[in-house]
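**Student:** Pasting a predicted model and its sequence here:
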Amino acid sequence: MGRKALILGKVVLVTGVARQLGGRFVRRVQREPDVDRVIGVDAVPPEHHLGGADFLRADIRHPTIGRVLAEHSVDTVIHMDVNGTPLGKRGSRASVKETNVIGTMQLLGACQKTPSVKRLVIKSSTNVYGSAPRDPAVFTESTPPKSLPSGGFAKDVVEVEGYVRGFARRRPDVAVCVLRFANILGPCADSPLAEYFSLPVLPTVLGFDPRLQFVHEDDAIEVLRMAAGEPARSTLNSGTFNIAGDGVLLLSQAARRLGRPTLPFFLPTVTWVGSALRSVGALDFSPEQVRLLTHGRVVETTQMRETLGFRPRYSTPEAFADFARSRGPGLLPPETLARTVDRIAALMPAGSGQN
């Protein structure tokens, strides 16, 4: 047998290429042997190079994206322009929401009208499950959230996935793959949680130590490549998949590994602090972000391994360690902070500080 094609289409369109992750994916996917052309699309020109890919300045919120798909006979669409933060400091939460929701609607409408499109991959998020006190210990892809997200990026993702399901019903000939990423971390991470971990002091919710999962940006690139490469006639790797590194980290462990002290607040105060940070443009500290830092979230990745056949190179702790190295030392050396916290914990009465 000849070498199996990793990408079905000869023409691949990637959205959100002005961001570092989108740019990296474009540079990676164009090296695939059966890819004739890669087209990168964004509303602003990227500050990084895209290799041999073509860049088209186009806002996916506008119907012009339909002409791009049709004129270039695009057959594989990788939608990466679903994000929790503005690009740099040039946008607002409102513009991000419009790109996430309205942009996805326009893109899907354009894909529906373009017969050449045969493969669609969506970069989604485990934020779709929300975070609530009665959540299951582990979410599977079919687990409904106990409480639907009420706002912020989490609500955007819920809406995006709803539109994607509608598209899949209208175009059953298109292979659709939705990748629900845990928090993506690495040297180039630009997520709300990456911004939170970059604060000199981390506000936390008194009495809670949530479990968190991460996926390294290198693994995110690789699983996107794999998902994009499945033949459209096969439904084996179509569907929805949780993507996360092995293991979990407690928020307290993450803070210690960063060398950053935590500042516990009662829950209402944390919400007020988040509002204050948002008002000065310092951080997207939405109510959903507060819920994550209160209740945490852990997902099952069996389908990622057994159906997609993907095994991340980085575990959750390893992904976080690489992110921590890229951010430099915190206010306190991690070893000193760990010894201090352990000494205080040893002096506390048994059972104190538990949820």
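**Tutor:** Looks like it came in fine. Residues are numbered from 1 along each chain as shown.

**Student:** Point out where the stretch 51-200 of the chain drops to low pLDDT.
**Tutor:** Along the stretch 51-200 of the chain, segments meeting pLDDT under 70 span 89-91.

**Student:** And the helices in it, which stretches?
**Tutor:** Along the stretch 51-200 of the chain, counting by DSSP state H, counting those that start in this stretch, helices occupy 64-71, 93-97, 104-113, 152-170, 192-197.

**Student:** quick check, distance from the longest one to the centre of its chain.
**Tutor:** What that stands for is helix 152-170. The chain centre lies 15 Å from the centre of helix 152-170; the measure is Cα atoms, centre = their mean, to the nearest Å.

**Student:** So for that helix, what gets flagged as buried?
**Tutor:** 152-161, 163-164, 167-168 (16 or more other Cβ atoms under 10 Å). To be clear about C-beta, it is placed using only N, CA and C from the backbone, and glycine gets the same treatment.

**Student:** got the angle for it vs helix 104-113?
**Tutor:** 20 degrees (axes from the mean of the first three to the mean of the last three Cα atoms, to 10 degrees).

**Student:** likewise the first one?
**Tutor:** Compare the direction of helix 64-71 with that of helix 104-113 by the same axes, to 10 degrees and you get 30 degrees.

**Student:** could you say which helix or strand contains Pro33?
**Tutor:** Per DSSP states H and E, Pro33 falls between elements, in no helix or strand.

**Student:** ok, now how distant is it from Gly229?
**Tutor:** 11 Å (Cβ to Cβ, to the nearest Å).

**Student:** So if I had to pick from those two, which one is more boxed in?
**Tutor:** Gly229 (21 against 9; other Cβ atoms under 10 Å).

**Student:** if we can go back for a sec, and of the helices of the stretch 51-200 of the chain, who's closest to Gly239?
**Tutor:** helix 152-170 (9.6 Å; Cβ to Cβ).

**Student:** And for the closest one, what's in contact with it?
**Tutor:** 82-84, 96-97, 100-101, 104-105, 108, 111-112, 120, 122, 124-125, 127-128, 130, 148-149, 174, 176, 178, 192, 240, 284, 286-289 (Cβ atoms under 8 Å, 6 or more residues apart in numbering).

**Student:** can you check stretch 60-72 too?
**Tutor:** Against stretch 60-72 from outside (Cβ under 8 Å, 6+ apart): 11, 13, 15, 37, 39, 41, 43, 56, 58-59, 74, 77, 81, 98-99, 102-104, 106-107, 109-111, 113-114, 116-117.

**Student:** Buried subset of the residues you listed, written for ChimeraX?
**Tutor:** Remark: buried members of the contacts of stretch 60-72, expressed as a ChimeraX selection using 16+ other Cβ under 10 Å:
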select :11,13,15,37,39,41,43,56,58,59,74,77,81,98,99,103,104,106,107,109,110,111,114,117
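
**Student:** From the contacts of stretch 60-72, which land in strands?
**Tutor:** Of the contacts of stretch 60-72, the ones assigned to strands by DSSP state E are 11, 13, 15, 37, 39, 41, 56, 77.

**Student:** Beta-bridge partners for the fifth one, please?
**Tutor:** So that's Ile39. Beta-bridge partners recorded for Ile39 (DSSP bridges): Leu13, Asp54.

**Student:** Tell me the buried residues within the contacts of helix 152-170.
**Tutor:** The buried subset of these (16+ other Cβ under 10 Å) comprises 82-84, 96-97, 100-101, 104-105, 108, 111, 120, 122, 124-125, 127-128, 130, 149, 174, 176, 178, 192, 240, 284, 286, 288-289.

**Student:** in the stretch 201-350 of the chain, what spans have low per-residue confidence?
**Tutor:** In the predicted model of the stretch 201-350 of the chain, residues 230-237, 269-285, 329-350 satisfy pLDDT under 70.

**Student:** How much space separates Thr316 from Thr204?
**Tutor:** For Thr316, the distance to Thr204 (Cβ to Cβ) stands at 19 Å.
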